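Student: Coordinates for the following, if possible.
(2 chains)
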Number of protein chains: 2
Amino acid sequence: MSSPPVPDAGPSAPDPDALNTLVSLRASIDNLDAAIVHLLAERFKCTQKVGALKAAHAMPVSDPDREALQIERLRRLARDADLDPVFAERFLAFVIEEVIRHHRALAEGGGPGTPA
Amino acid sequence: MSSPPVPDAGPSAPDPDALNTLVSLRASIDNLDAAIVHLLAERFKCTQKVGALKAAHAMPVSDPDREALQIERLRRLARDADLDPVFAERFLAFVIEEVIRHHRALAEGGGPGTPA
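Tutor: The predicted structure is shown next:
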């Protein structure tokens, strides 16, 4: 006897199980993204307060020593969580760059909601 | 009566209250970063499974329709959370770019831990 035909399987029509798995994984990714966006919103509330404090007390906008400590800590946390530490470092650099833009705008008289 | 003197206040020696506030805000930022790194680790576990699924079923690595939906949703979530939607969109683009690098490496026979 020959094998039973496989219905609609192939590159042009992925099997239903694979599509169901994809839909389920994407739902988890969407949930995680929503959580991350809300944590980023909270993080920016903190950095806006830091920005206002620095502007009021003439503290420097960036702080290389603090950033070096943050990078080393995040790389360690990433390794522990099985995340590529290089990605964690690039992620932090991306966020800090955005925060510094906000701080500069604040120091130059713009509001926290007006990044340059 | 005149106001009491303010000890050591000035640009060269920020007042202790301001420094205490800065230390407290930075502790909150560090806590939020740890949470975000762990959520990103979980997100990458999901996208690595998506990458393996796509490679096994010859599905395209990137999916512009899905990405457009993700961007629109994250912009809406960001607005609701009082986060700059432009930043949320740039953040998602940054993460997706990293994920696609992982998927490409996987499709070309590299492991999930070997982004190009």
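Student: Show me where chain A dips below the pLDDT cut-off.
Tutor: Low-confidence segments of chain A (pLDDT under 70): A:1-12, A:106-107, A:109-116.
Student: so how far is residue B:67 from residue A:59?
Tutor: Per Cβ to Cβ, to the nearest Å, residue A:59 is found 39 Å from residue B:67. Quick note: C-beta positions are derived from backbone N, CA and C, even for glycine.
Student: Neighbour count for the two, which is higher?
Tutor: More neighbours surround residue A:59 than the other of residue A:59 and residue B:67, with 18 against 14 (other Cβ atoms under 10 Å in any protein chain shown).
Student: now the more buried one, nearest residue through space, not along the chain?
Tutor: What sits nearest to residue A:59 in space, not counting adjacent residues and going by Cβ to Cβ, 6 or more residues apart in numbering or on different chains, is residue B:14, at 6.0 Å.
Student: wait, is that neighbour part of a strand?
Tutor: No: under the criterion used here (DSSP: H, G, I helix; E, B strand; the rest coil), residue B:14 is coil, not part of a strand.
Student: which residues does it contact?
Tutor: Going by Cβ atoms under 8 Å, 6 or more residues apart in numbering or on different chains, residue B:14 touches A:57, A:58, A:59.
Student: And stretch A:93-101, what's buried?
Tutor: For stretch A:93-101, burial by neighbour count (16 or more other Cβ atoms under 10 Å in any protein chain shown) applies to A:95, A:96, A:98, A:99, A:100.
Student: can you tell me which of those are up against chain B?
Tutor: Checking those against chain B by Cβ under 8 Å from any Cβ of the partner chain, the ones in range are A:95, A:98.
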